[in-house]
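1. Need a 3D model of the following:
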Amino acid sequence: MSRPVIGVTAYVEPAGWAVWRDVPAVLVPQAYVRAVTAAGGRAVVLPPDDRDADVLRVLDGLLLAGGADVDPARYGQPPAPRTESRPGRDAGELTLLSAALDTDLPVLGVCRGMQLLAVAAGGTLHQHLPDVVGHDRHRPAPGVYGGHGVRFAPGSLAATVMAGVRRVNSYHHQAVADPGRLTVTGWSDDGVAEAVEDPRRRFLLGVQWHPENEPDPRPIAALVRAARGGGPAPRRG
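-> Next up is the predicted model:
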């Protein structure tokens, strides 16, 4: 059986390698590719492109990766002082997401990707989470992951995928305030939305943490299974 092809959305950011410095580059952390490959999928990196969504014809699943903030104009708010958006990336990913929803393609949103799912469903975001929860444990310092307890709604897709998991990593300063047409099915120990989903769809899941950096990246494995046509049963080590 051929491997399911998973499109992984990418960043355009200044990067450096060899003798080159601050070159605009299309990139994504290799952890995403490694996790997709380990789950039995074939990762294809997708640069931002809002011209059309034709690439979905060759994909079996879509992974919306983490990264910079969603433009607040997408949910009717002015940007807060700490908001750093990438409107071009928003446009490209929303083009793909809209077409993926039309065909019920399996979709996983990670961190920013979960927030984009909520915005696309008519929801809104907290633009700076410490202003809401009163601490910075969800992003302790630049480049430093935090961690916290997590719970999931019984019977939900998130609970099935994450069965037995009680703690996840954390690196974000924004969060879902209103999930729109989606359902919140996971919460951190301070009440922040940690998972959203749409039970009417074959597989649509957003997670606020970074499963690609977990030893057992269950949401990514579940996406690959769904892309292959299987169910969401959690992988057990």
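
2. in this protein, what spans have low per-residue confidence?
-> Within the chain, the segments meeting pLDDT under 70 span 1, 232-237.

3. Going along the chain, name the helices of it.
-> Along the chain, the segments classed as helices by DSSP state H run 30-38, 87-102, 112-120, 130-133, 157-161, 218-228.

4. Can you list the neighbours in contact with the last one?
-> So that's helix 218-228. 1, 4-6, 32, 35-36, 38-41, 60-61, 63, 106-108, 110, 161-162, 165, 202-203, 205, 207, 211-212, 231-235 (C-beta atoms under 8 Å, 6 or more residues apart in numbering). For every residue, glycine as well, the C-beta is placed using N, CA and C.

5. Helix 30-38 and that one, what's the angle between them?
-> Using axes from the mean of the first three to the mean of the last three C-alpha atoms, to 10 degrees, the direction of helix 218-228 lies 50 degrees away from that of helix 30-38.

6. could you flag which of the contacts of helix 218-228 are buried?
-> 4-6, 32, 35-36, 39, 41, 60-61, 63, 106-108, 110, 161-162, 165, 203, 205, 207, 211-212, 232, 234 (16 or more other C-beta atoms under 10 Å).

7. Looking at these, which are in strands?
-> Val5, Ile6, Gly61, Leu63, Val107, Leu108, Val110, Leu205, Val207 (DSSP state E).

8. OK, contacts around the most centrally placed residue in the chain?
-> Geometric centre of the chain, nearest residue: Val110, 1.6 Å, by C-alpha atoms, centre = their mean. Residues near Val110 by C-beta under 8 Å, 6+ apart: Tyr32, Leu63, Leu64, Ala65, Gly66, Gly206, Val207, Trp209, His210, Pro211, Glu212, Pro219.

9. Over to Trp17?
-> Val23.

10. Could you do the one 10 residues further on as well?
-> Under the criterion of C-beta under 8 Å, 6+ apart, the neighbours of Leu27 are Ala10, Tyr11, Glu13, Ala15.
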